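Participant: Quick one, fold the following:
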Amino acid sequence: MDYYTEILNDLEKLLADGQYDDALFMIRSELRMPYVPPDFREKLEEMEKRIPRNDEHTMKVPDEDKIRELLKGDAESQMYAVYSLTNQNLRKHKVLIDDVFSSDVLPQAKDILIYALIEQEISEEFTLNKNGLEYRFVPRYCLLPEESDGYQEAVKQLKEIYLHEPSLYQFAIDLLQEKCFSHLPLSYEAEESGQLVEAITGELAKMFGTEIK
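Facilitator: From the prediction side, this is the model:
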């Protein structure tokens, strides 16, 4: 199950349980991301329309104690906790962020937090445990996925490959974004773009039975 499917499943559960404030918070957090796949955006917007409109949806932001409690929960709770944290000034939550990075919280949740740290240009050093590896990084000196030379070069190559197949090109960009996002806090160099493109076209070939000539 990929990241976007997990988010949609979590949102369906929140809506089914009538937890409209939490669902609205997650939807709007996702829509604020710098890149949202068109199909995913459409589904998010459809879900937002299913939320009853009234003045009670204030999207309350949990305090740090509540966030810590949520981080010990299931995948849905962890994602909500991280979204709540990224909507705040992260300079005020160094200890909490260190605890998140050293825990077994979902890798996708850690990626979202790393992205937010880079966006806010945080200058402190962090140690991250993710997928069995340890990283030391200073967010201010890291690149957002779409800023890296590897990402930008891969976009050029994919545009050329799928010049006459715009729907496949969009799928390719979605996969590229996922790969670069999950690679954080590292970024791809221009010379690594060929490997990215090869992996993406290979996945699309398996998904749709297409061959790149």
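
Participant: and the lowest-mean-pLDDT helix or strand in the chain, how far from the chain's centre?
Facilitator: Sorting the helices and strands of the chain by mean pLDDT, DSSP states H and E puts helix 20-31 at the bottom, at a mean of 84. Relative to its parent chain, helix 20-31 has a centroid offset of 14 Å by Cα atoms, centre = their mean, to the nearest Å.

Participant: May I see the buried residues of that helix?
Facilitator: Residues of helix 20-31 classed as buried: 20, 22-27, 29-30 (neighbour count, 16 or more other Cβ atoms under 10 Å). (Each C-beta comes from the backbone N, C-alpha and C, glycine too.)

Participant: remind me which residues of the chain are low pLDDT?
Facilitator: Of all residues in the chain, those with pLDDT under 70 make up the ranges 1-2, 34-35, 54-61, 210-213.

Participant: Report the buried residues of the helix or strand just after the least confident helix or strand of the chain.
Facilitator: For helix 20-31, the following helix or strand on the C-terminal side (DSSP states H and E) is helix 38-49. Neighbour counts over helix 38-49 (16+ other Cβ under 10 Å) mark 40, 43-44, 47 as buried.

Participant: Can you name the residues in contact with helix 38-49?
Facilitator: By Cβ atoms under 8 Å, 6 or more residues apart in numbering, the list of residues contacting helix 38-49 from outside reads 4, 7-8, 11-12, 15, 23-24, 27-28, 30-31, 36, 170.

Participant: ditto for stretch 85-93
Facilitator: Stretch 85-93 has contacts (Cβ under 8 Å, 6+ apart) with 29, 61, 64, 67, 96-97, 100, 112-113, 115-117, 120, 122, 124.

Participant: what residue is smack in the middle of this protein?
Facilitator: Taking Cα atoms, centre = their mean as the criterion, I112 is the residue nearest the geometric centre of the chain, at 4.9 Å.

Participant: Could you find the closest non-adjacent residue to it?
Facilitator: V82 (5.3 Å; Cβ to Cβ, 6 or more residues apart in numbering).

Participant: and after the helix or strand K110 falls within, which helix or strand comes next?
Facilitator: Per DSSP H and E: K110 is located in helix 107-119. Toward the C-terminus, helix 107-119 is succeeded by strand 126-130 as the next helix or strand (DSSP H and E).

Participant: Right, I'll call it a day here.
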